[in-house]
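Asks: 3D model of this:
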Amino acid sequence: MHAKLIRTCVAAAILIGGTAEGMAAGGPFTRGCAARDMQIMMMLEAGAISPQKLNDAVRSMTHARMMCFDGQVMDALALYDQIAHSIASEWSLAGQGH
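Replies: Residues are numbered from 1 along each chain as shown. Below is the predicted model:
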């Protein structure tokens, strides 16, 4: 499942028009956006979350990436924060069930 998530995220990044080389070369995808994107990816891989939450998070990440590419960096970073909060909330709920 994690390999599928990674493939989906990479495919989305390429579809949006960014490659790792383009991002590293100072393209429109800022370092802040790239750092938050990677942080969310690691959070998704680190914890068990429901398939629906995973799907929602990946969809929201794609939207945040598009916002970054459009120059709406502050709004994108706020969206990344919302995604992280949602994942952390899911972890808290899962921990209460044990």
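Asks: quick one: low-confidence ranges for this protein?
Replies: Applying pLDDT under 70 to the chain flags the ranges 1-28, 93-98.
Asks: can we see that at 80?
Replies: Scanning the chain with the threshold set as pLDDT under 80 gives 1-29, 47-48, 91-98.
Asks: which residues of it fall in helices?
Replies: Secondary structure of the chain (DSSP state H): helices at 2-16, 20-24, 31-46, 51-69, 73-96.
Asks: the fourth one: which residues count as buried?
Replies: When neighbours are counted by 16 or more other Cβ atoms under 10 Å, the buried residues of helix 51-69 are found to be 53-54, 57-58, 60-62, 64-65, 67-69. Any C-beta I mention is one placed from the backbone N, CA and C, and that applies to glycine too.
Asks: likewise the longest one?
Replies: Judged by neighbour count using 16+ other Cβ under 10 Å, the buried positions of helix 73-96 are 73, 76-77, 79-80, 83, 86-87, 90.
Asks: quick check, nearest of the residues you listed to residue 31?
Replies: residue 73 (10.0 Å; Cβ to Cβ).
Asks: got phi/psi on the residue lying closest to that closest one once chain neighbours are set aside?
Replies: Using Cβ to Cβ, 6 or more residues apart in numbering and skipping the chain neighbours, the partner closest in space to residue 73 is residue 30 (5.4 Å). Backbone torsions of residue 30, given as degrees, to the nearest 10, read phi -70, psi 160.
Asks: residue 30: how many residues sit nearby?
Replies: 17 (other Cβ atoms under 10 Å).
Asks: from residue 74, how far out is it?
Replies: Residue 30 sits 10 Å away from residue 74, going by Cβ to Cβ, to the nearest Å.
Asks: residue 81 too?
Replies: 11 Å.
Asks: cool, and residue 86?
Replies: 19 Å.
Asks: can you check residue 41 too?
Replies: Taken as Cβ to Cβ, the span from residue 41 to residue 74 is 21 Å.
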